[in-house]
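> structure for this input, please:
(one chain, ligands or ions: 1)
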Amino acid sequence: MADGTGNWALVLHGGAKEIAPGKQKANRLGCLAALTVGAGVLRQGGSALDAVEATIRVLEHDPTFNAGRGSVRNTDGEIEMDAAIMDGATLDIGGVAAIRAVPHPVSVARLMLREQPTLLVADGARRFAEAHGAETCDPASLFSGTADGSHDTVGCVALDTSGNLAAGTSTGGIEGCAPGRVGDSPLPGCGLYADNAIGAAAFSGDGESIARTMLAARVMQSLESGPPQPAIEAAIMRLGRVGGEAGGIVLDRTGQVGWAHNSPHFAVGVATSADDRLRTYLSKNEEVAHD
Ligand code: GLY
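Below is the predicted model of the structure:
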């Protein structure tokens, strides 16, 4: 299936949200740190799956972002996180939802990847993590209180030098949400999708709106007949039907990049083998202004 050209590409995001001026530097530096790690994996010939997991682990460790250590609390004062990873070569998906007390939900999702279920939730997810040797932690260590805003997520899409694509997401959910609430992030076709024959996409934002409009599925459909930037812009436009804010990142199967958002800011990092530069942005306007 994979027909790699030796090209690689990686796009990450640190959330569709409003970034206060005092937090812009932390968002940019956090994206740059994760981009450095993910691009390094691909530059050395590593797999897209490894690059996506490694990138998201850096973002989960950074309390700037609402994922892992930066997660927000639900109405019970608890932290419940969602994450998923998808392999574009096999269409395998691993997902966890409403999982508690793990520092890296994306790595639990990665452990799920070759399992029959595509999604385990709550205590089932936690028990799977323990049984498979995933890291666990004190729930209190996950709450820093520094994540920006009420809704954001981290995500990553990657193309490796063998032509394999992967997508991943991780989120601490929405502040003050109902216990057990699950957003778009672990749902294939909503928060993420990857298919070597087409491309890979990941979203952030209002999970219920993204799920109701199937944004990742929409992008994949558009990518079958067109380039990634119009595809992601058209997906974000679909939110108008239901309302809500979101941002999305996409790669096509050749490594062409697209990203768009209707939120005030969208922290994004881009690196490709075309010039091997590490680029970070806090909004699409910034890309237009500086590229
Ligand atoms: N987009 C993340 C969430 O709504 O949970």
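> now do the buried residues in stretch 134-142.
Buried residues in stretch 134-142, counting neighbours by 16 or more other C-beta atoms under 10 Å, are found at 134, 142. C-beta coordinates here come from the backbone N, C-alpha and C atoms, glycine included.
> now stretch 217-226
Residues of stretch 217-226 classed as buried by neighbour count (16+ other C-beta under 10 Å): 217, 218, 219, 220, 222, 223.
> which of those residues fall in helices?
Counting by DSSP state H, the members of the buried residues of stretch 217-226 that fall within helices are 217, 218, 219, 220, 222, 223.
> mind putting those into CSV with pLDDT and distance to residue 64?
Below are those laid out as CSV (pLDDT from 0 to 100; distance: C-beta to C-beta, whole Å):
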residue, pLDDT, distance to residue 64
217, 98, 30
218, 97, 29
219, 98, 26
220, 98, 30
222, 98, 31
223, 98, 30
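> closest to residue 119 out of these?
Comparing these against residue 119 with C-beta to C-beta places residue 217 closest, at 16.2 Å.
> need the pLDDT of whichever residue of the stretch 1-150 of the chain sits closest to the ligand.
Residue of the stretch 1-150 of the chain nearest the ligand, by C-beta to the nearest ligand atom: residue 82 (6.0 Å). Predicted confidence (pLDDT) for residue 82: 97.
> wait, residue 4 sits on residue 196?
No. Using C-beta atoms under 8 Å, residue 4 is not in contact with residue 196, being 9.8 Å away.
> which one of these two has more residues nearby?
Ranked by neighbour count (other C-beta atoms under 10 Å), residue 4 and residue 196 place residue 196 first, with 23 against 13.
> can you pull the pLDDT of that one?
At residue 196, the pLDDT value in this model is 98.
> the residue nearest to it when sequence neighbours are not counted: neighbour count?
Nearest residue to residue 196 in three dimensions, chain neighbours excluded: residue 88, at 4.3 Å (C-beta to C-beta, 6 or more residues apart in numbering). Per other C-beta under 10 Å, the neighbour tally for residue 88 reads 29.
> how about residue 88, phi and psi?
In terms of degrees, to the nearest 10, the main-chain angles of residue 88 are phi -70, psi -20.
> one step back: which neighbours do residue 4 and residue 196 have in common?
Overlap of the contact sets of residue 4 and residue 196 (by C-beta atoms under 8 Å, 6 or more residues apart in numbering) consists of 163, 164.
> you'd agree residue 217 is up against residue 193?
Yes. Using C-beta under 8 Å, residue 217 is in contact with residue 193, at 6.6 Å.
> can you list the residues of the stretch 51-200 of the chain near the ligand?
Counting by C-beta under 6 Å from any ligand atom, the residues of the stretch 51-200 of the chain close to the ligand are 151, 153, 171, 173, 174, 183, 184, 185.
> strands of the stretch 101-250 of the chain, start to end?
Assigned by DSSP state E, counting those that start in this stretch, the stretch 101-250 of the chain shows strands spanning 119-121, 154-159, 165-171, 192-195, 199-205, 246-252.
> now these as TSV including mean neighbour count?
As requested, the strands of the stretch 101-250 of the chain are arranged in TSV below (neighbours: other C-beta atoms under 10 Å):
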stretch	mean neighbour count
strand 119-121	20
strand 154-159	34
strand 165-171	32
strand 192-195	30
strand 199-205	33
strand 246-252	29
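> where does this structure dip in pLDDT?
For the chain, residues meeting the criterion pLDDT under 70 lie at 1-3, 143-151, 290-291.
> what's across from the residue nearest the centre of it in the sheet?
By C-alpha atoms, centre = their mean, the chain has its centre lying nearest to residue 155, at 1.4 Å. According to DSSP bridges, residue 13, residue 169 are recorded as the beta-bridge partners of residue 155.
> now do residue 257
For residue 257, the beta-bridge assignment (DSSP bridges) gives partners residue 251.
> the chain should start at 33 in everything you say after this.
Yep, numbering from 33; the last one is residue 289 now.
> which residues touch it?
Residue 289 neighbours (C-beta under 8 Å, 6+ apart): 41, 43, 260, 261, 281, 282, 283, 302, 304.
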